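Visitor: Pasting the sequence and the predicted coordinates here, then a few questions.
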Amino acid sequence: MPHLTLEYTRNLSNFNPTRALAALNAAMFDSGLFSEPDIKSRAIGLETFLVGISPSPRGFAHVRIALLAGRSAEERKELADAVLAALIAAVDPQNRAEIQLSVETVDLDRPSYAKAVLNG
Amino acid sequence: MPHLTLEYTRNLSNFNPTRALAALNAAMFDSGLFSEPDIKSRAIGLETFLVGISPSPRGFAHVRIALLAGRSAEERKELADAVLAALIAAVDPQNRAEIQLSVETVDLDRPSYAKAVLNG
Amino acid sequence: MPHLTLEYTRNLSNFNPTRALAALNAAMFDSGLFSEPDIKSRAIGLETFLVGISPSPRGFAHVRIALLAGRSAEERKELADAVLAALIAAVDPQNRAEIQLSVETVDLDRPSYAKAVLNG
């Protein structure tokens, strides 16, 4: 842990998911909560999506941070705010669609979490 | 919030994920629980999947609804049932495989949820 | 339920996600916790990913097992350990990158879980 997942709709203009992940991971690391190699992130581009029920131009990017249970509410809030700031900076402000950006944190069940490292 | 994710195996016959999302979002909106622009949905087609351990023709479609904590158990159950009904209607009853359909709801951690809107 | 999701970075050498799912589902079934047709699994290959903040060769594979609430902590731990063992066996030990392998279990909200089977 932690596991970070960035989802983004394919209608974001000039969005570079590789660069976005680098910025998000940097924000994760700068939080001081995690050791560097533990931060495992992926970006998933969404081809089929829908916001609401009307056909207006809309999109979104959403980050889910899964971390082992035990972090305080303050640590989670600060982390989410820092990652949101990095996400905002990674999105072109000139998008013609309305873009919703969001970050959630979720607890991983600590007792059952199992892990191994190959060639570590 | 809410975030809806529809996963479907690629062996569903005549399945139209864009149309399915429209029906699911309509069911979400008709629940009266959400404001229209907040409903953010995506569909993900699964190329690599396996049901059970035998090679019989099977598939599935699964909906995950993530919503901010605080909804009652009744509201969540009614919402899941309504979305399942919409999902059933979106699946061709003539599939030759056995298709499992399911809907889950999950709480988003409210204190750490962070959000911004660009060009809103 | 249960729903199993295997994510793997595309830099794993000689990784066969279809064969991996077969091994993971067998481990799930061998746990004795589930009936055979209920085990619904998918594999998702990650094209865009980043481990940490340095550009060293790294990858990961992560399994998320969602199961209906009510399993004991011991059952969840044993299940995660068995699935991790199957995952380790499915990964080429000759990978040149450092590969992190992990398994988490997560509870599905039982009261709102909705399900149907077509052509069952």
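Guide: Looks like it arrived, so ask away. Numbering: from 1, shown residues only, chains lettered A, B, ... in the order given.
Visitor: Could you check which helix or strand contains the residue positioned nearest the centre of chain A?
Guide: Residue closest to the average C-alpha location in chain A (C-alpha atoms, centre = their mean): A:Val63, at 2.7 Å. A:Val63 is part of strand A:58-68, with elements assigned from DSSP states H and E.
Visitor: how far out from the middle of the chain is the following helix or strand past that strand?
Guide: As assigned by DSSP H and E, the chain's next helix or strand after strand A:58-68 is helix A:73-90. What separates the centre of helix A:73-90 from the centre of its chain is 9 Å, taken as C-alpha atoms, centre = their mean, to the nearest Å.
Visitor: next one: stretch A:13-22
Guide: That offset, for stretch A:13-22, works out to 12 Å (C-alpha atoms, centre = their mean).
Visitor: tell me the mean pLDDT over it?
Guide: The pLDDT scores in stretch A:13-22 average 97.
Visitor: And for stretch A:56-75?
Guide: Here the average pLDDT along stretch A:56-75 is 95.
Visitor: count of neighbours near A:Thr18?
Guide: 11 (other C-beta atoms under 10 Å in any protein chain shown). Quick note: C-beta positions are derived from backbone N, CA and C, even for glycine.
Visitor: Quick check: which element contains it?
Guide: Secondary structure from DSSP H and E places A:Thr18 in helix A:17-30.
Visitor: buried ones in the helix or strand that that helix is followed by?
Guide: Using DSSP H and E, the helix or strand that follows helix A:17-30 in sequence is strand A:40-46. The neighbour-count check on strand A:40-46 (16 or more other C-beta atoms under 10 Å in any protein chain shown) flags A:40-44, A:46 as buried.
Visitor: Show me which pair in the residues you listed is furthest apart.
Guide: Greatest spacing in the buried residues of strand A:40-46, by C-beta to C-beta: A:Lys40 and A:Leu46 (20.2 Å).
Visitor: Could you list the residues of chain A in contact with chain B?
Guide: A:7, A:9, A:46, A:48-54, A:58, A:60, A:62, A:73, A:76-77, A:79-81, A:83-84, A:88, A:91, A:93, A:95-107 (C-beta under 8 Å from any C-beta of the partner chain).
Visitor: filter those residues down to the ones close to chain C.
Guide: With C-beta under 8 Å from any C-beta as the criterion, the residues of chain A next to chain B include none near chain C.
Visitor: Look at A:Pro111 and say how many residues are nearby.
Guide: Neighbours of A:Pro111 (other C-beta under 10 Å): 11.
Visitor: Oh, that last question was meant for A:Ser54, not what I typed.
Guide: By the measure other C-beta under 10 Å, the count of residues near A:Ser54 is 11.
Visitor: Could you pull up the residues touching the spatially closest residue to it that is not a sequence neighbour?
Guide: Setting aside the residues directly before and after it, A:Ser54 is nearest to B:Glu36 in space (C-beta to C-beta, 6 or more residues apart in numbering or on different chains), at 6.9 Å. Residues near B:Glu36 by C-beta atoms under 8 Å, 6 or more residues apart in numbering or on different chains: A:52-54, B:29.
Visitor: What of A:Arg96?
Guide: A:13, A:57, B:119.
Visitor: quick one: the first one and A:Pro93 touch, right?
Guide: Just to be clear, that refers to A:Ser13. No: contact criterion C-beta atoms under 8 Å: A:Ser13 and A:Pro93 do not qualify, at 9.9 Å.
Visitor: wait, isn't A:Thr5 in contact with A:Arg64?
Guide: Yes: counting by C-beta under 8 Å, A:Arg64 is a contact partner of A:Thr5 at 4.6 Å.
Visitor: For the closest residue to A:Arg71 other than its chain neighbours, give me phi and psi.
Guide: Distances taken as C-beta to C-beta, 6+ apart place A:Leu33 nearest to A:Arg71, at 7.0 Å, with adjacent residues excluded. When read as degrees, to the nearest 10, the backbone of A:Leu33 gives phi -90, psi -20.
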